[in-house]
Every structure is written in C-alpha cells, then in structure tokens.
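**Student:** Return a 3D structure for these sequence lines:
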Amino acid sequence: MQIYMVGGAVRDKLLGRPVNDHDWVVVGATPEQMLAQGYLPVGRDFPVFLHPQTREEYALARTERKSGRGYRGFVVHSDPDVTLEEDLSRRDLTINAIAATPDGISAGAIFDPYSGAKDLEARVLRHVTDAFREDPVRILRVARFAARFTDFTVAPETMQLMREMVEHGEANHLVPERVWQELARGLMEEKPSRMFEVLRECGALAVLLPEVARLWGVPQRAEYHPEVDTGVHLMMVLDMAARLAAPLTVRFACLAHDLGKGTTPADVLPRHIGHEERSVALLKDVAERLRVPVECRETAEVVAREHGNIHRSQDLSAAALVRLLERCDAIRKPARFADILLACECDARGRLGFEESAYPQRPRLLAVLGAVQAVSTREIVAQAAAKGLSGPQVGKQIELARVAAVAQWLDMQAAP
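**Tutor:** Numbers count the residues shown, from 1 in each chain. You can find the predicted model right below:
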C-alpha cells in the first residue's frame, strides 16, 4: 500500500497558496485492507474512505471508462493493480495531475508524469489526455480555474477540445445541480468574469445560460454606460462584486440583474424600457432550470426589479422611500436588504470610469430603514385600538407614522 497527496493540495503548495484540505490516493490496496486499518467507507460510486483520525478522504486508485452521456456516464474500475500514473491520467488538468509523498513536495518528491509543474510555471490550464472530453463538467471546471488563477491562460488545444465537446452536445447533458455548483464556486472566485469569458469562448455559455450569452453586443446609453456593451458591463459588475467581497447571494443577483436587456426590441435600442420586468421573468426561468437556492433567487429578483429605483432613490419623497422599502421587504428582512443595496452598488460602480465612485444611495437607504425601524408599531396599534380602528385602518396609521419618520429624517439631512 502506497499513499500519495494529489490534486489541488499539491498544486496550491507548489504555487505557494494556502491549502484548505487534502486529497489522497491509495495505490496497491483493497477495500478490505482499508477497512482493516480503521478507514471508514463513504464512496457510493467508487471506493473512498475517511481516515480514522483526520477524517480526510482517501480514494483507491482507479480508472474510468466512458459508458454514456454526461458526467455520470462512466464505469469505474478500482484494483490494486491500477498504477498512480493511470489514476492521474483520468484527472482534468495537468496542474491537478501531480502527486506527492505525504512528507513533502520538494522537486524530488513529486510524481508528475504529465508535466503539470511546467504548466504551473507557464501559467497554463491544459488538459491531461483526450479523456478530458468524456466529462462535460470539466468545461465548467476549466472556466472556474480561469476565474481563480487570473494570470493563467487556457491552452489553445484545450479550448479547441472544449469547443468540440460543446458542438457534439456534451454540455447539453450536464445536470442542473452540477452546473449550479460550479457556477456558484466560480462566482466566488477572484475574477468571476473570466469564468464567463471562457464559457463564452468555447460556446458553452450559450447552451447553459443563453440569457447571459445574448447580452454581448447589446448597446446601452453611453451617458449611463460608457462601456456601452451590456455584456462588458455585466463582467465589470461581477468583478466589482468580487472586489467588494460580496457573498454569493449578491454575486448571483449581479449576474441576473440585467437579463432583460438581451430581449429589448432592436428598434428601441440603446434604451431598455421595461427591462426590469423582463429580467425578473428570465431570472425565474434560470433559477428554476438550475435549481438555484431560494435565498439567491429571492435576492436576485428584488435587485432585478428595483435596482433602477434604488439608483434614483435620492430623488424620492418620504412616501416613495417607504414604498420602496416595502417592495424590497426591507423592514422584515433588513439583512437581505443590505445585500440588495450592495448588489446595486456593484451595478453602479461596474461601469467604465465609475469604478472608484462613491455610491451614497447605499448608506442613505440603510439610514432611512433605520428611521422606519425606530417607529414603534406596538404603540401605534395600541393607540389605534383605543380609537376603535382595526385591520387596514391600523396598517394605514403605521404607514403614516413611518412616512413621517422618514420625512423628519430627510429634513434633518437638509438642515444646514
């Protein structure tokens, strides 16, 4: 039995990046031997075990043979005779096909049959073997790694292979859960725009997210969007979200906020009248298709519908501000409202020449929310009950009190 550290842990150590978890491959062992040493079986499709102390995963060396469409269409073969090189050959990229002894990653300690270390030095994402084409999830993984390793490029031959996979329909067989999983991870990388640029270049974006793919080439009004192209703007917004360390809910909202601009009739361009409503409808389709988590879906829906109103909120009256808060469900869900405002800031600053601009709407609306929250609804309810009021009449009294509180706050801000 021989044990090797493999994959991302070796790659990141060679790059001098932090390592959060380790993957191990075991060569020359049987499941029975692993169980005898106290390892706990967890693999459903192939033999994977948890270390009895560290709880890290140890997988028996294996090979894979394509047996059908999609990433599940494989027959896995695990046997003590499977070599380390055979196991590494099934991996996606050369930089992930490096193994090391458990005690270190010095030059003499690594096993690198596919020259992954050279590709690390050259900053290249390159597939290991032609078996790459057998798993369409690898298209998404390459795109995600491009978003993480921002100074790496995709090897031309790998990009060509990805194009061929898309042309042959492999991307059509990706299951929604895996698409969302990889997209979510890519959105959280250092430069999310690179993920979408890679997916667009190989043709996968048009298959997986046609609502996003059609945004490129759609013009916008230059006085509001100096970058003009809607797709370019979207990429700037996503990278601004990464720069501001936004959570996934915000980043997905940024991705979906302008989907409706891709369906604007050509005769009204570069204006996008009513794109907010169209964005909400398209967002619902995307969220249902990819089974996006409810929290991400709900935040994105409010951002798509209200981002224009939030941008213009400095011109709104006290009553209009209270209505805006109510439409955003801000009083009931203030934490989500904070995410909504952050997404709107990413949208405002994700424009050519506006990257360093302030976004006063965000602190201002949080302060307005604070003024509304300071209104004691319990007292108003009690006073209304004493007057014999009930139902909608009580609600009207609460609304009037909130509007009055916001009006008072606005007067204080305007005072010299």
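**Student:** what pLDDT, on average, does the longest helix along the chain get?
**Tutor:** The longest helix of the chain (DSSP state H) is helix 392-414. Taken as a whole, helix 392-414 carries a mean pLDDT of 91.
**Student:** what does stretch 310-317 give?
**Tutor:** Here the average pLDDT along stretch 310-317 is 97.
**Student:** same thing with stretch 145-154?
**Tutor:** Stretch 145-154 comes out at a mean pLDDT of 97.
**Student:** name the helices or strands packed onto the longest helix of the chain?
**Tutor:** Applying 3 or more Cβ pairs under 8 Å, 6 or more residues apart in numbering; DSSP states H and E, we find helix 392-414 packed against helix 318-327, helix 361-373, helix 377-386. (C-beta placed from N, C-alpha, C; glycine too.)
**Student:** Quick one: closest of those to Ala184.
**Tutor:** helix 361-373 (24.3 Å; Cβ to Cβ).
**Student:** tell me the angle that closest one makes with helix 392-414.
**Tutor:** 130 degrees (axes from the mean of the first three to the mean of the last three Cα atoms, to 10 degrees).
**Student:** could I have helix 361-373 exported to PDB, CA atoms only?
**Tutor:** Output in PDB follows, covering the C-alpha atoms of helix 361-373 (Å, rounded to 0.1, in the frame of the first residue of the first chain):
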ATOM      1  CA  GLN A 361     -27.600  55.500  -2.100                       C
ATOM      2  CA  ARG A 362     -26.400  52.500   0.000                       C
ATOM      3  CA  PRO A 363     -25.700  54.300   3.300                       C
ATOM      4  CA  ARG A 364     -28.600  56.600   2.800                       C
ATOM      5  CA  LEU A 365     -31.200  53.900   2.300                       C
ATOM      6  CA  LEU A 366     -29.800  52.000   5.300                       C
ATOM      7  CA  ALA A 367     -30.300  55.200   7.400                       C
ATOM      8  CA  VAL A 368     -33.800  55.500   6.000                       C
ATOM      9  CA  LEU A 369     -34.500  52.000   7.000                       C
ATOM     10  CA  GLY A 370     -33.200  52.800  10.500                       C
ATOM     11  CA  ALA A 371     -35.600  55.700  10.800                       C
ATOM     12  CA  VAL A 372     -38.500  53.400   9.800                       C
ATOM     13  CA  GLN A 373     -37.400  50.700  12.200                       C
END
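**Student:** Are there helices or strands packed against that helix, and which ones?
**Tutor:** Helix 361-373 packs on helix 294-311, helix 318-327, helix 334-349, helix 392-414, going by 3+ Cβ pairs under 8 Å, 6+ apart.
**Student:** Looking at these, which is nearest to Pro226?
**Tutor:** helix 334-349 (12.5 Å).
**Student:** what does that closest one contact?
**Tutor:** The contact list for helix 334-349, computed with Cβ atoms under 8 Å, 6 or more residues apart in numbering, reads 237-238, 240-241, 244, 246-247, 249-250, 253-254, 257-258, 295, 298-299, 302-303, 306-307, 310-311, 325, 328-330, 354-357, 359, 361-362, 365-366, 369, 373.
**Student:** for Ala184, what are its contacts?
**Tutor:** 248, 252.
**Student:** can you tell me how far it sits from Lys396?
**Tutor:** 43 Å (Cβ to Cβ, to the nearest Å).
**Student:** Check Asp79 too.
**Tutor:** For Asp79 relative to Lys396 (Cβ to Cβ), the value is 75 Å.
**Student:** Same question for Arg289.
**Tutor:** 41 Å.
**Student:** Throw the helices and strands packed on helix 392-414 into TSV and include distance to Met34, thanks.
**Tutor:** TSV is the format used below for the helices and strands packed on helix 392-414 (distance: least, Cβ to Cβ, whole Å):
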stretch	distance to Met34
helix 318-327	57
helix 361-373	53
helix 377-386	61
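**Student:** Confidence-wise, which of these is weakest overall?
**Tutor:** Looking at those, the bottom one is helix 377-386 with a mean of 82.
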